[in-house]
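Let's see this in three dimensions:
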Amino acid sequence: MDDLARLAALHGVATAYQPAADVTVPVPQATVAAVLGMLGVCTDTPEDVSAGLDSAERRQRERLLPQTLVWWEGEPPPAELAALPAGTKVRLEPEPAEPGAPGGCPAPAERAARPRCVEWSGGSVPGEVPLGVHRLAVAVPDGRTGEATLIVAPERAPAAPERAHGVLVQLYSLLSERSWGMGDLGDLAELARWAGRTHGAGFIQVNPLHAAVPGTPTDPSPYRPSSRRFPDPVHLRIEDVPEYAGCPEQGALAELAARGAQLRRAVLEKGELIDRDAVWELKRAALELLYAVPRTPEREAAYRAFCAEQGAPLDVHAAWCAGHVGDGKADFHRWLVWLTDTQLAAAQRVARESGMAVGIVHDLAVGVHPEGSDARTGSFHARDASAGAPPDAFNARGQDWGLPPWRPDRLADTGYAPFRSLLRSVFRYAGALRIDHVMGLFRLWWIPEGTPPAEGAYVAYDGEAMLAVLVLEAHRAGALVIGEDLGTVEPRVRRALARRGVLGTSVLWFERDWDGGGKPLAPQDWRADCLATVTTHDLPPTAAKLAGTHVELRARLGLLASPVERERAEDAADTAEWLELLGGLGLDTVGEEAAVRALYAFLLRTPARLVGVWLPDAVGDRRPQNLPGTWDQYPNWRLPVADADGRPLTLEELAASPRANALLRALRKGA
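Numbering: from 1, shown residues only. Sure thing, here's the model as predicted:
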């Protein structure tokens, strides 16, 4: 191994990757050097490489402890801690109070139970150390000293129910008769009431509701947010803001509401696309009127308490928003975050009151927009790189997601404070959290600016530490964790996630016995600890898959890698194999509606703890919400839920749909 490769290995930068078990692809040296440069390591000359290698190896030799240690509750202490020589003095400082939230910060009982610090001598590690993130200081008899971060986490994340079914939906796509042109948090609460009370659903999974980059036009993708920590006020139900009733500008509010109704009718009756920017223009105008209304003492106290809980990160985000849009009103943007947070919490309360065992499942995007609040207000992102994926069987050119990755060194330097704060904020109002591309806790494919996606490199993160923080914060919130682990996943990663109680994601069309000829996987052979569904927002709705119309769509847009006849035949054969398996199990697959019900009935025969229905499947919608590989060729993230004829449906129409009710009744009966 040459010096550059050794230096890269010490910083977690891979110099090769394996797209298949028997294939190894080297990473270009220019990529390795560029990534190391983004981690603060100079490689301009051979002398720089040699000096950097000497320095990194010396630091590694001289450290008394690794930078981060993880101690899982109920398990032996970290070996490095137990191996400290006799006479070593150890001092453990518990984490300070951090910006967070009720349910996100340590519970009062937990805080009361922890001492201000713990001290002991090497060779006599205490049997118990309080849960949390601690600063560990050691001094050995020969005079050397050192520090490390110690993360003490529960053995597993909270357990899922033995079986629960629910629905998956992109919130913006679900418009009620009260919506202002796109689905909102009031609609989410109403969907929870209907699904929970009428059909015994245990959860509703939604798209990321993170704050978008303000401005026109806004990136419509919920997976490229400005900030993952703070929610987007575009989702607010304006009429549910308490100051609405007391606003003296009722005429102006009524006019704005009427224009919101026009936007709604344009989508539902005229077939226009959801226009997020137009919706926000109206809502912002209404919210400025409501901001001027004096708050009651109770409301003012609640707002001030929220600001104090969120601390400096909220101030920084609000100041960035004010500067980005040029209004100079930082407090207005803080207030918007608070309003959205309260309506998110209210939706979760409604879900639980409606009998849902889990409630709202929120989605954590894998990264942030390069021009957004998170990337531009801190030093935790590699701004000259983008996360993505290497070439594989599905995309020979690789993928560039346009998301600056977190720097693993900066995370470790701060005891993972940004990740902890992010999780605490999102867990405030979540019954469960879906982690998009959960493999990113362990490694991400970095693509230096100006480099093709195929010429990136994997950069390793301390997966054990990231996972421990995730499990710790989920425990504090009492929330489930679901990892989106589709695609190529290292076996060690799946084992680690399963061991710590993180549920996986299983999509029917991908579940095949690849070691036994590739046949559809029999229901009894599916894993239990997962969310199982037939399709997702990135895949064709089930009606389109059954009819093969998704192949024609991709052909029209020039997205096929093979001749259309071949793609059509392969897709038809894939579908036929699944229908044959379903028929062999005695499930009725004659006709589209029956076949859709049969596919979901099949999921109920697996041991999967969570079974999710893609809500557009319930009404026969054929249009995908997102078509990977397209940008402006297809209206990604802007389509309302529609019926089998492509007619957009209101939430009220969907709730009254015989087809939707029949499918959900069948799930409740089968569950």
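
quick check: mean pLDDT across stretch 196-216?
This predicted structure assigns stretch 196-216 an average pLDDT of 96.

Run the chain-centre distance for it.
If you compare the mean C-alpha spot of stretch 196-216 with that of the full chain, they lie 12 Å apart, counting by CA atoms, centre = their mean, to the nearest Å.

Distance check, residue 30 against residue 15.
Taken as CB to CB, to the nearest Å, the spacing of residue 30 relative to residue 15 amounts to 12 Å. Every residue, glycine included, has its C-beta placed from N, CA and C.

Those two: who's more crowded?
Residue environment comparison for residue 30 versus residue 15 gives the larger neighbour count to residue 15, 20 against 11, counting by other CB atoms under 10 Å.

chain center to the helix or strand residue 475 falls within: distance?
Counting by DSSP states H and E, the element that carries residue 475 is helix 463-477. Per CA atoms, centre = their mean, the displacement of helix 463-477 from the mean C-alpha position of its chain is 14 Å.

Buried residues, stretch 83-91. List them.
Judged by neighbour count using 16 or more other CB atoms under 10 Å, the buried positions of stretch 83-91 are 84, 88, 90.

measure residue 71 to residue 229 for me?
27 Å.

Give me the more crowded residue out of the two.
Between residue 71 and residue 229, counted using other CB under 10 Å, the more crowded position is residue 229 (24 against 20).

hang on, that one is in a strand, isn't it?
Yes - when DSSP: H, G, I helix; E, B strand; the rest coil is applied, residue 229 is found to be in a strand.

Go ahead and confirm it touches residue 317.
Yes - with contact taken as CB atoms under 8 Å, residue 229 and residue 317 are classed as touching, separated by 7.2 Å.

Would you mind listing the residues touching both of the two?
Common contacts of residue 229 and residue 317, defined by CB atoms under 8 Å, 6 or more residues apart in numbering, are absent altogether.

can I get the buried residues of stretch 83-91 in a markdown table with pLDDT and distance to residue 595?
As requested, the buried residues of stretch 83-91 are exported to a markdown table (pLDDT from 0 to 100; distance: CB to CB, whole Å):
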| residue | pLDDT | distance to residue 595 |
| --- | --- | --- |
| 84 | 86 | 63 |
| 88 | 88 | 66 |
| 90 | 88 | 63 |
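
Dump those residues to TSV, plus secondary structure and distance to residue 212.
Conversion of those to TSV gives the following (DSSP: H, G, I helix; E, B strand; the rest coil; distance: CB to CB, whole Å):
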residue	secondary structure	distance to residue 212
84	coil	49
88	coil	50
90	strand	46
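
Buried ones in the helix holding residue 475, by neighbour count?
Buried residues in helix 463-477, counting neighbours by 16+ other CB under 10 Å, are found at 463-477.

Run the chain-centre distance for the longest helix seen in the chain.
Identified as the longest helix of the chain according to DSSP state H is helix 297-325. For helix 297-325, the distance from its own C-alpha centre to the chain's C-alpha centre is 23 Å (CA atoms, centre = their mean).

counting contacts, what elements does it pack onto?
In terms of contacts (3 or more CB pairs under 8 Å, 6 or more residues apart in numbering; DSSP states H and E), helix 297-325 is packed against strand 227-231, helix 330-353, helix 373-376.

of those, which approaches residue 41 most closely?
Proximity to residue 41 (CB to CB) singles out helix 373-376 among the helices and strands packed on helix 297-325, at 21.3 Å.

model confidence over the closest one, on average?
Helix 373-376 shows an average pLDDT of 95 in the prediction.

Check which helices and strands that helix sits against.
strand 227-231, helix 297-325.

got the buried residues for the last one?
Right, helix 297-325. In helix 297-325, the ones that count as buried by 16+ other CB under 10 Å are 303, 306-307, 309-310, 313-322, 324.

Give me the angle between it and helix 330-353.
Counting by axes from the mean of the first three to the mean of the last three CA atoms, to 10 degrees, helix 297-325 lies at 120 degrees to helix 330-353.

Could you pull up phi and psi at the residue nearest to residue 72 when sequence neighbours are not counted?
When the adjacent residues along the chain are set aside, residue 72 lies closest to residue 155, with 5.3 Å between them (CB to CB, 6 or more residues apart in numbering). Residue 155 has phi and psi values of phi -60, psi -30 when expressed as degrees, to the nearest 10.

moving C-terminal of the helix or strand of the chain with the lowest mean pLDDT, what's the next helix or strand?
The least trusted helix or strand in the chain, going by mean pLDDT, DSSP states H and E, turns out to be helix 108-113, with a mean of 44. Toward the C-terminus, helix 108-113 is succeeded by strand 118-121 as the next helix or strand (DSSP H and E).

Check which helices and strands that following strand is in contact with.
Contacts defined by 3+ CB pairs under 8 Å, 6+ apart place strand 118-121 against strand 89-94.

The residue lying closest to residue 610 once chain neighbours are set aside: neighbouring residues, count only.
Distances taken as CB to CB, 6+ apart put residue 531 closest to residue 610, at 4.2 Å, once the chain neighbours are dropped. For residue 531, the count of nearby residues is 27 (other CB under 10 Å).

Would you confirm that residue 531 belongs to a strand?
Yes - note on residue 531: a strand contains this position according to three-state DSSP.

Show me where the stretch 501-650 of the chain has its helices.
Listed in chain order, the helices of the stretch 501-650 of the chain (DSSP state H, counting those that start in this stretch) span residues 542-547, 549-556, 564-584, 592-604, 615-618.

got JSON lines for the ones you listed, with distance to residue 252 too?
Converted to JSON lines, the helices of the stretch 501-650 of the chain look like this (distance: least, CB to CB, whole Å):
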{"stretch": "helix 542-547", "distance to residue 252": "43"}
{"stretch": "helix 549-556", "distance to residue 252": "43"}
{"stretch": "helix 564-584", "distance to residue 252": "53"}
{"stretch": "helix 592-604", "distance to residue 252": "46"}
{"stretch": "helix 615-618", "distance to residue 252": "35"}
